[in-house]
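Trainee: Quick one, what's the 3D model for this:
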Amino acid sequence: MRTLIAITVILLTGLGQAYAVPADNGIWQKGNLFYQQKQYDSAAFYYEQLAAQKPRNADIYYNLGNTYYRLNKVALAILNYERTLKMNPDHRQAKENLMLAQERISNRIHGSEPIFFIRWWDSITRPGLATVWSIIALVTFSLFVLLFYLRRYSGAYSGRVPVQLLGILAFVFCLLLILSISAANNSTSDSTAVVMQNDAPLMNKELKGKPLLLIPEGTTVNIRTEREGWLEISLPDGRTGWVKQNLVSRI
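Mentor: From the prediction side, this is the model:
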C-alpha cells in the first residue's frame with residue numbers, strides 16, 4: 001500500500017497547471033490599462049509585481065515579453081517569451097514574438113539543428129505533456145493492479161489473465177512514468193538562461209586571457225555546470241565556455 005501511495009504521488013507531480021489571472025485582479029488590470037495607454041514602463045512595473053506573486057503563470061510572462069519588446073529591451077523580452085514557452089510550449093503568439101525579438105539581436109549566434117533523436121525526445125518530454133503522460137500512466141497502473149488482483153485472488157479469472165499481458169502493462173507503465181517525470185523535470189529545470197548584457201565575454205576554463213568571443217545580448221544558452229560565480233554554458237551553435245553568473249538570467 002505504501003508503494004502504491006508513493007507512486008501515485010510521483011504521478012501527480014506532473015499534474016500542476018498554471019491558472020489564468022482572474023479578470024478582477026487589481027494589479028493585472030492596472031498593468032493592462034497602462035499597456036493600452038502605451039505607458040510601458042508602468043505596465044512592466046505591475047506585471048513584474050504580479051509575476052513575483054504568480055511565478056507559474058504563462059500569461060503574465062507573455063504580457064511582460066510584449067511590454068519589454070515595446071520598450072526595446074530585447075534581452076528582457078526574449079527572457080519572458082522563453083519563460084512563457086517553458087510553461088506553455090504551444091503558445092503560438094509567444095513563439096512568433098520570440099522569433100521577432102531574436103531578429104533584433106545584433107550579430108546573432110544561430111543554432112545548429114539537433115539530430116532527429118534529440119528532437120523527438122524533446123518533443124515527447126516537453127513540459128506541456130507532463131499531465132498527459134501522468135494521467136495515462138495512472139490509468140495503466142490502475143489497470144495493471146486490477147488485472148493482477150483478478151489473476152491472483154479471483155478463481156473465476158485466474159486463468160483468463162495472461163501473465164504476458166501483465167508484463168506488457170508493467171513495461172508500458174514504467175515507460176510512461178519516465179516520460180511523465182522527464183516532462184515534469186523540464187517544466188521546473190533552470191538549465192537554460194538568457195544573456196542580459198551585450199558583448200558578454202565567454203572565457204576559457206582557466207578564466208584567464210582574452211575572451212573566446214563576445215556573446216550578444218539576448219542569446220539563449222544552456223547551463224552545463226557552475227562554480228564560484230561562473231557558469232559553464234553552451235551556445236546555440238554548440239561552442240562552450242564560461243561566463244559570469246551575473247551576466248545571465250535563468251529561464
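Trainee: most centrally placed residue in the chain?
Mentor: Computing the C-alpha centroid of the chain and ranking residues by Cα atoms, centre = their mean puts residue 86 first, at 3.1 Å.
Trainee: Which strand or helix spans that one?
Mentor: helix 74-87 (DSSP states H and E).
Trainee: Let me see the mean pLDDT of that helix.
Mentor: Mean pLDDT, computed over helix 74-87, is 96.
Trainee: now do stretch 188-198
Mentor: Rounded mean pLDDT across stretch 188-198 is 89.
Trainee: neighbouring contacts of it?
Mentor: Identification of contacts with stretch 188-198 by Cβ atoms under 8 Å, 6 or more residues apart in numbering yields 75-76, 78-79, 82, 106, 215-223, 231, 233, 243, 247-251. The way it works is simple: take the backbone N, C-alpha and C, and place the C-beta from them, glycine included.
Trainee: Just the buried subset of these, please.
Mentor: 75-76, 78-79, 82, 215-221, 223, 231, 233, 243, 247-249, 251 (16 or more other Cβ atoms under 10 Å).
Trainee: now the helices: where do they sit in the stretch 51-200 of the chain?
Mentor: For the stretch 51-200 of the chain, the helices defined by DSSP state H, counting those that start in this stretch cover 58-70, 74-87, 92-102, 116-124, 130-153, 163-188.
Trainee: Scan the helices and strands of this structure for the one with the lowest mean pLDDT.
Mentor: Least confident element among the helices and strands of the chain, by mean pLDDT, DSSP states H and E: helix 2-12 (a mean of 41).
Trainee: circling back to that earlier point, quick one: which of the buried ones among the contacts of stretch 188-198 sit in strands?
Mentor: 215, 220, 221, 223, 231, 233, 243, 248, 249 (DSSP state E).
Trainee: Name the nearest of those residues relative to residue 171.
Mentor: Comparing these against residue 171 with Cβ to Cβ places residue 223 closest, at 33.9 Å.
Trainee: Check whether the closest one really touches residue 235, as I assumed.
Mentor: No. Using Cβ atoms under 8 Å, residue 223 is not in contact with residue 235; the gap is 11.6 Å.
Trainee: and for those two, which residues touch both?
Mentor: Common contacts of residue 223 and residue 235 (Cβ under 8 Å, 6+ apart): none found.
Trainee: which regions of the stretch 51-200 of the chain sit below the pLDDT cut-off?
Mentor: For the stretch 51-200 of the chain, the stretches with pLDDT under 70 are 156-159, 189.
Trainee: Out of the helices of the stretch 51-200 of the chain, which is closest to residue 41?
Mentor: Between residue 41 and those, the tightest spacing by Cβ to Cβ is seen for helix 58-70, at 8.6 Å.
Trainee: what's next to stretch 34-50, contact-wise?
Mentor: The contact list for stretch 34-50 (Cβ under 8 Å, 6+ apart) reads 21, 25, 27-28, 30-32, 57, 60, 63-64, 66-68, 70-71.
Trainee: Please apply the same query to stretch 85-103.
Mentor: Applying Cβ under 8 Å, 6+ apart, the external contacts of stretch 85-103 come out as 18, 56-58, 61-62, 65-66, 69, 74, 77-78, 81-82, 84, 108, 126-128, 187, 218, 251.
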